[in-house]
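Enquirer: With the input below, show me the fold.
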Amino acid sequence: MAEGRRKVACTICYKEFARSSTLQTHLRTHTGEKPFECVVCNKKFVGSSNLTRHLQTHTEKPFECAVCNKKFAETGRLHEHLRTHTGEKPFECTVCNKKFREPRRLREHLRTHTGEKPFECTVCNKKFREPRRLREHLRTHTGEKSFECTICNHKFAFNSSLKVHMRSHTGEKPFECAVCNKKFVGSRTLKKHLQSHTGEKPFECTVCNKKFPDTGRLHVHLRTHTGERPFECTVCNKKFREPCRLREHLRTHTGEKPFECVVCNKKFSNSSNLTKHLRTHTEEKPFECAVCTKKFAHPSNMQKHLRTHTGGKAFECTAVKQEVS
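Expert: Here you go, the predicted structure:
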């Protein structure tokens, strides 16, 4: 660069560049524009140099890891990979001293301290710390679902959503509750479950003030006030407040019974019926009469029993208690 040449700055994130051509390429990280397309797989890129490097993934990978023999198209990728073997994390945050293998991960992390969100959606102006988060967000506007399940062909907007979905086929549940050891397919499901232990219910109904641990349950509850039943059976047109109730109902038409007893192999159309049935094997009786402490396997049997105390009248639900194991 010639002595005294002025740098050009990005008007969005104020990053400076020596050449206007480099600035133009950089601006595409904000707009999402990717004019350079791979002729092999149709993947798009913001700059020609990025496309050139990508093309090597289809042809040559001359740089090989001496430890595990994995090959790379660029020396930079090889050097980053080698740190997975050495454990080296040379890029350190000056604020909290957290270390990273790659400089770009450090740059992304630093924004958690500065609050900087330089990547803005041109549709709704929402801002993001990382370009990949912006790319993911843009799919909420385009409706693009490029990640397809190879088993059931269900499509997803995000690779992370596909990974969680695949566990419904494999049965894998890698997220375990530290309190009761119950396992879950996704971290969000675990977070919701943890609220059942803490008793936290931050979401309140504006109609009756009942509180819920997550927004999903609040939305379902609100339908008891509005009468809304948005989930309709395509066979008999019966409507439901929750998608899980519709799924259970559909089995009355298909005859499907996916829940099987591990003791006697009897099958059931829903999990609650299986839970009730299992008590015939375990002899568990979790429902206790608040008057005489007699126990029952099912709440309906307890309700019948309560009438022996009330002279046949229905008993107030406040007098019913369930043993906590």
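Enquirer: residue ranges with poor pLDDT in the protein?
Expert: For the chain, the stretches with pLDDT under 70 are 1-5, 312-325.
Enquirer: Now do the helices in it.
Expert: Ranges of helices in the chain, per DSSP state H, are 20-31, 48-55, 75-86, 103-114, 131-142, 159-170, 187-198, 215-226, 243-254, 271-282, 299-310.
Enquirer: Those helices into CSV, with extra columns for distance to residue 125 and mean neighbour count?
Expert: Just so you know, the C-beta spots here come from the backbone N, C-alpha and C atoms, and that holds for glycine as well. What follows is those, written out as CSV (distance: least, C-beta to C-beta, whole Å; neighbours: other C-beta atoms under 10 Å):
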stretch, distance to residue 125, mean neighbour count
helix 20-31, 12, 16
helix 48-55, 26, 14
helix 75-86, 33, 14
helix 103-114, 18, 14
helix 131-142, 11, 15
helix 159-170, 24, 14
helix 187-198, 26, 14
helix 215-226, 23, 14
helix 243-254, 32, 14
helix 271-282, 43, 14
helix 299-310, 51, 15
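Enquirer: Residue 149 is nearest to which of those?
Expert: helix 159-170 (6.0 Å; C-beta to C-beta).
Enquirer: between that closest one and helix 131-142, how many degrees?
Expert: Here the directions of helix 159-170 and helix 131-142 differ by 80 degrees (axes from the mean of the first three to the mean of the last three C-alpha atoms, to 10 degrees).
Enquirer: about what we covered before: which one of the helices of the chain lies nearest to residue 93?
Expert: helix 103-114 (5.9 Å).
Enquirer: Tabulate the helices of the chain (TSV), appending distance to residue 92.
Expert: Below are those laid out as TSV (distance: least, C-beta to C-beta, whole Å):
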stretch	distance to residue 92
helix 20-31	25
helix 48-55	27
helix 75-86	14
helix 103-114	8
helix 131-142	23
helix 159-170	28
helix 187-198	27
helix 215-226	38
helix 243-254	47
helix 271-282	49
helix 299-310	58
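Enquirer: Of all the ones you listed, which one comes closest to residue 123?
Expert: Closest approach to residue 123 among the helices of the chain (C-beta to C-beta): helix 131-142, 4.8 Å.
Enquirer: And the contacts of that closest one?
Expert: With contact meaning C-beta atoms under 8 Å, 6 or more residues apart in numbering, helix 131-142 is reached by 29, 32, 119-121, 123-124, 126, 128, 144-146, 157-158.
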